[in-house]
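Engineer: pasting the sequence and the predicted coordinates here, then a few questions.
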Amino acid sequence: MLLEPRLGRQMSDDNGYANEVGEAFRSLVPAAVVWLSYGVASSYVLADAIDKGKKAGKVPSPEAGRSTRVTVAVVDTFVWQALASVAIPGFTINRVCAASLYVLGTATRWPLAVRKWTTTALGLLVIPIIIHPIDRSVDFLLDSSLRKLYPSVEKPSSS
């Protein structure tokens, strides 16, 4: 295999979870803080795509395939990280927290502050549970779609 452009959360996993944490705290912080967490996570996605592109460009091979190899590395990494590190987990945590806040509001008489902190705790607890299934699902999605478009010699491995 000539390329290994992305393969999961490899740069700094701490930055890869910024928006999930932001979503978990949504009920307690101003919306601007949540949007900032998406900015941090998106910066991570972009930095990882650039990093993988640079690494792909350094692989010794004929110059003719270099541009394609770099493009595939950047596109694959960017799409994978955008889906697996930002969009899908952010949406998932958002919905888990919204549902838990609603259920706690209708099923308990807890004070609002307790319901919000409980919702945040649930959101944080769900993060490690959802990450690997989302990662594998995005691998499957890209293997079944975008990666079929790559030149066969330079197709990234999904492991």
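Structural biologist: That came through, no problem.
Engineer: what's the single longest helix in this structure?
Structural biologist: Taking residue count as the measure and DSSP state H as the definition, the longest helix of the chain comes out as helix 112-143.
Engineer: please name every helix or strand in contact with that helix.
Structural biologist: Contacting helix 112-143 under the criterion 3 or more CB pairs under 8 Å, 6 or more residues apart in numbering; DSSP states H and E are the following elements: helix 18-24, helix 66-81, helix 88-107. Any C-beta I mention is one placed from the backbone N, CA and C, and that applies to glycine too.
Engineer: rounded mean pLDDT for that helix, please.
Structural biologist: Throughout helix 112-143, pLDDT has a mean value of 97.
Engineer: and it, which residues are buried?
Structural biologist: Burial within helix 112-143, assessed by neighbour count using 16 or more other CB atoms under 10 Å, is assigned to 115-116, 118-120, 122-124, 126-127, 131, 134-135, 138-139, 141-142.
Engineer: please apply the same query to stretch 23-33.
Structural biologist: Of the residues in stretch 23-33, those scored as buried under the neighbour-count criterion (16+ other CB under 10 Å) are 23, 24, 25, 26, 27.
Engineer: and which of those is nearest residue 146?
Structural biologist: Checking the buried residues of stretch 23-33 against residue 146 with CB to CB, the nearest one is residue 23 at 25.8 Å.
Engineer: now that closest one. Nearest residue, chain neighbours left out?
Structural biologist: Counting by CB to CB, 6 or more residues apart in numbering, the nearest residue to residue 23 once its immediate chain neighbours are dropped is residue 93, at 4.0 Å.
Engineer: and for residue 146?
Structural biologist: In space, residue 146 comes closest to residue 79 once its chain neighbours are excluded; the distance is 6.2 Å by CB to CB, 6+ apart.
Engineer: and if you look at residue 84?
Structural biologist: Computed as CB to CB, 6+ apart, the closest residue to residue 84 that is not its neighbour in sequence is residue 138, at 4.1 Å.
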